[in-house]
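Novice: coordinates for the following, if possible.
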Amino acid sequence: MKPLNLDNSPCSPVSSNCIIWQGPDIPCIKLCKGDTISDVVFKLATELCTILDTLKVTSYDLACFNLAECQPNTFQELIQFLITRICALENVDPTTVVTTTTADGTSTKSPAVTNFLLTAAPCFGGGTVTLIEYVDLIAARICSIIDDIAQINIDISSLDIRVSALESAVPPVYTTPTFTLSCAIGTTPPLASGSTQAINTVLQKFINEEWCPMKVALGTPADLSAAIATQCIAGTDLALAVQYTSPGTIMQVAYPTYVAAPVSLSDFINNIWIALCDLRDRVENWEKDVIVAAGNNVTVSSVTVANVTTYTVNALDTIVVGTDDITVTPSAPVAGVTTYTVGRTPKINFYADAVIPVDIVTDPGFADLVYFQPAGYTGLTYTNASGATKDFIVQVSYQTESNYTGVPAIQSGLSNWVDGAIVKNAAVVQYENLSRPSVGFQMWDSVTNTPVTAITAETVVTTPSTNPVDIGVNANAVLRETVNFFSKVTLNAAESASLFFRSRVGNTGNLLKAQIFVQEL
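Specialist: Down below sits the predicted model:
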């Protein structure tokens, strides 16, 4: 389509995309303030085309009326044609005129309709209405559409004027803002101080050559916050430089600018300098602050020559105090001399043993794989009665034996299952020994180098390798094991250390004897 202003020389064309609608929002056509004129004109034209299509008579199919001639040519003729047909179908008497008066006092005359009701379309509010009411609704809607079209035409005319004015205007030229630098920026090469630079050039130089290197050097904000949080000198810590002249003075009192809870880098640097100065002042005053004070049974005298002070310390007596297991017993002074007798409190030693052969699997207190003390072995327990927490070395040993008598000597063996453990407070295993010895054995013919066949009676065999069929053998075997181990155990007052044992159902657990030795460290 050829533009209407194609030949409007010498006007400079301006795109309607650059012109903004400043009028109010028009919701019915989804027009908003701030839309471009292109959008405004397009929306108005689209709405107008829709309305024109709606009013076009040829848009409606009237074939069902079989109108050979006198077809309606305008929308008004179409509506009148429909009204006439509706009146004929509903037996409306055109000669009877009914006068209807509206709320504003306006009177209208219309043919009477006898007992005729219609269901209004949803766009007319729905519900049941009379024919006259329905026609009134349709007419009102048509009038509203006509009014909207008139207003749209007015708006289009106004927009056309504005578009023409804009098309005649000189297009604006964008100029990048500039400003004068008060310092040099960048490094390769830098933008000189006092030079005037475009803002985009300054921003690019600052970000790439100033800000990014500074961020690498200083770290992220999280890094800075973490560094600030490492301050180890609190505002309530004592100030060193005045600890003798003003004892007990804390940092934030001695130095009012000291920040008790720093949050910024400047706070952190401020506190560092104050702490360094406080330490420097303390070091410089060390020689001035030398104080020698007398204590109990001690005298101090001083003599100052020039800048040197000599202190003489005389002890009137000697005090000896024992610690840990050391005891100190002073004698009565003799001619001003006190004699101290130093001794040592013996360390705690405990020993107990039990020599009672027992199969712990048959003991009443036995439970499968649970440590306990079988009958006769409950005395293998030490309880800390010192009233204080102490460390001990607990040493234990025990002996087990698996003894089978009369076992068939062919493909047989021995096994025994007794585990031992050092247990604290009868519940906590400190150290355990898993001991499950077993051995298998078999009788062989020394000539044929083959297993001897099992027999039931005792018969002397005089000829080897004759594969005897009646040999009786009684075998006696013992499998014995001695176990020793130790562990360090810390016992609070009234806590105990014991030697416990365990075995498993279906096994033998023959225990011969055991002992425990506890020694204080």
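
Novice: can we go C-alpha only for contacts and neighbour counts from here?
Specialist: Will do.

Novice: strands of the stretch 401-521 of the chain, start to end?
Specialist: Assigned by DSSP state E, counting those that start in this stretch, the stretch 401-521 of the chain shows strands spanning 412-415, 419-424, 428-433, 438-441, 444-445, 450-451, 476-491, 496-502, 510-520.

Novice: so where's the chain shaky on pLDDT?
Specialist: Flagging of the chain using pLDDT under 70 yields the residue ranges 1-14, 68, 90-103, 105-116, 285-297, 306-309, 315-325, 336, 403-414, 436-478.

Novice: one step back: so which of the strands of the stretch 401-521 of the chain gets nearest Phe81?
Specialist: Smallest distance to Phe81 across those (Cα to Cα): 106.7 Å, for strand 428-433.

Novice: for that closest one, buried residues please.
Specialist: Residues 429-432 are the ones in strand 428-433 that count as buried (16 or more other Cα atoms under 10 Å).

Novice: direction included, what does that strand pair against?
Specialist: strand 419-424 (antiparallel) (DSSP bridges).

Novice: next, the angle strand 476-491 makes with the strand it pairs with.
Specialist: On the basis of axes from the mean of the first three to the mean of the last three Cα atoms, to 10 degrees, strand 419-424 is oriented at 20 degrees to strand 476-491.

Novice: just the C-alpha atoms of strand 419-424, please, in PDB.
Specialist: Extracted in PDB, the C-alpha atoms of strand 419-424 (Å, rounded to 0.1, in the frame of the first residue of the first chain):
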ATOM      1  CA  ASP A 419      36.300 -64.000  74.600                       C
ATOM      2  CA  GLY A 420      37.600 -61.600  77.300                       C
ATOM      3  CA  ALA A 421      37.200 -57.900  77.700                       C
ATOM      4  CA  ILE A 422      38.100 -55.000  80.000                       C
ATOM      5  CA  VAL A 423      34.800 -53.400  80.700                       C
ATOM      6  CA  LYS A 424      34.100 -50.000  82.400                       C
END
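
Novice: how about the buried residues of strand 428-433 in CSV, adding distance to Gly126?
Specialist: Listed next are the buried residues of strand 428-433 as CSV, based on distance: Cα to Cα, whole Å:
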residue, distance to Gly126
Val429, 88
Gln430, 90
Tyr431, 92
Glu432, 92
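
Novice: all helices for the chain, in order.
Specialist: Assigned by DSSP state H, the chain shows helices spanning 37-55, 75-89, 131-168, 199-206, 212-218, 221-228, 251-254, 265-284.

Novice: of all those, which gets the most neighbours per residue?
Specialist: Of all those, helix 251-254 carries the top mean neighbour count, a mean of 18, counting by mean count of other Cα atoms under 10 Å.

Novice: distance of the spatially most central residue of the chain from Trp211?
Specialist: Nearest to the mean C-alpha position of the chain, by Cα atoms, centre = their mean, lies Ala222 at 16.9 Å. For Ala222, the distance to Trp211 (Cα to Cα, to the nearest Å) stands at 17 Å.

Novice: so who does the nearest residue to Ile185 once chain neighbours are set aside touch?
Specialist: Spatial nearest neighbour of Ile185, chain neighbours left out: Leu191 (5.1 Å); criterion: Cα to Cα, 6 or more residues apart in numbering. Leu191 sits next to 184-185, 202 when contact means Cα atoms under 8 Å, 6 or more residues apart in numbering.

Novice: around Val396, how many other residues sit close by?
Specialist: 23 (other Cα atoms under 10 Å).

Novice: and the strands of the stretch 401-521 of the chain: which comes nearest Glu69?
Specialist: Nearest to Glu69, of all the strands of the stretch 401-521 of the chain, is strand 428-433, at 114.3 Å by Cα to Cα.

Novice: between strand 496-502 and that closest one, find me the angle.
Specialist: Counting by the same axes, to 10 degrees, strand 428-433 lies at 50 degrees to strand 496-502.

Novice: contacting residues around strand 428-433?
Specialist: Strand 428-433 has contacts (Cα under 8 Å, 6+ apart) with 419-424, 485-487, 489.

Novice: repeat that for 6 Å
Specialist: Residues outside strand 428-433 that contact it (Cα atoms under 6 Å, 6 or more residues apart in numbering) are 419-423.

Novice: quick check: domain ranges of the chain?
Specialist: By the assignment in automatic domain parsing, the chain contains the domains 16-168, 178-218, 229-284, 349-520.

Novice: with distance to Pro330 as extra columns, can I get the ones you listed in a markdown table?
Specialist: Below are those laid out as a markdown table (distance: least, Cα to Cα, whole Å):
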| stretch | distance to Pro330 |
| --- | --- |
| domain 16-168 | 104 |
| domain 178-218 | 66 |
| domain 229-284 | 38 |
| domain 349-520 | 25 |
